[in-house]
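J.: need a 3D model of the sequence below.
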Amino acid sequence: AHGSLLQLQQMISEATGKNALLHYGFYGCYCGLGGRGQPKDATDRCCQLHDTCYENLQKYHCDAKTRFYHYNWDSGTLSCRQGSRCASLSCECDRSLALCLRRSVRSYRKRYQFYPNYLC
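T.: Residues are numbered from 1 along each chain as shown. Okay, the predicted model is just below:
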């Protein structure tokens, strides 16, 4: 992974205290690659919103997955630092996801951790 994906993992780990790839990389129907069907729970809905956020950026020819950006993690607060328009928007998508996952951490279900995509 490079660019934003690596930063996204780091952001999620800092916000939730969980290993991002292990806990969210294959979670439900929308976390990780692809996404279809109904989101399984609040955590999965966070990932669905994040997918939509990235899709909206692509309309402006901004590839959020590879866009490098800078952010600050300061005593529990995530903030995006000023960069190009694309980098800033990409950072905001990722920041929203990380904070959403943190809000939904109590509804996290182990049974959705490695959820098979064909069930979606």
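J.: ranges for the strands of the protein?
T.: 71-74, 77-80 (DSSP state E).
J.: contacting residues around the spatially most central residue of the chain?
T.: With distances taken as CA atoms, centre = their mean, the chain has residue 97 as the residue nearest its mean C-alpha position (4.4 Å). Residues counted as contacts of residue 97 (CB atoms under 8 Å, 6 or more residues apart in numbering) are 8, 11-12, 46-47, 49-50, 53. To be clear about C-beta, it is placed using only N, CA and C from the backbone, and glycine gets the same treatment.
J.: per-residue pLDDT of it, please?
T.: Residue 97 carries a pLDDT value of 98.
J.: now residue 34
T.: pLDDT at residue 34 comes out at 78.
J.: could you check how far it is from residue 51?
T.: The gap separating residue 34 from residue 51 is 9 Å, by CB to CB, to the nearest Å.
J.: wait, residue 43 touches residue 30, no?
T.: No. The pair residue 43 / residue 30 is not scored as a contact, 9.1 Å apart, by CB atoms under 8 Å.
J.: contact partners for residue 12?
T.: Residue 12 neighbours (CB under 8 Å, 6+ apart): 18, 20, 24, 97-98, 101.
J.: picking up where we left off before, now mean pLDDT and distance to residue 105 too, for the strands of the chain, in CSV please.
T.: Shown next, in CSV, are the strands of the chain (pLDDT from 0 to 100; distance: least, CB to CB, whole Å):
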stretch, mean pLDDT, distance to residue 105
strand 71-74, 92, 17
strand 77-80, 95, 15
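J.: need these in a markdown table (columns: mean neighbour count and distance to residue 119).
T.: A markdown table is the format used below for the strands of the chain (neighbours: other CB atoms under 10 Å; distance: least, CB to CB, whole Å):
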| stretch | mean neighbour count | distance to residue 119 |
| --- | --- | --- |
| strand 71-74 | 13 | 34 |
| strand 77-80 | 14 | 32 |
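J.: sweet, I'm off.
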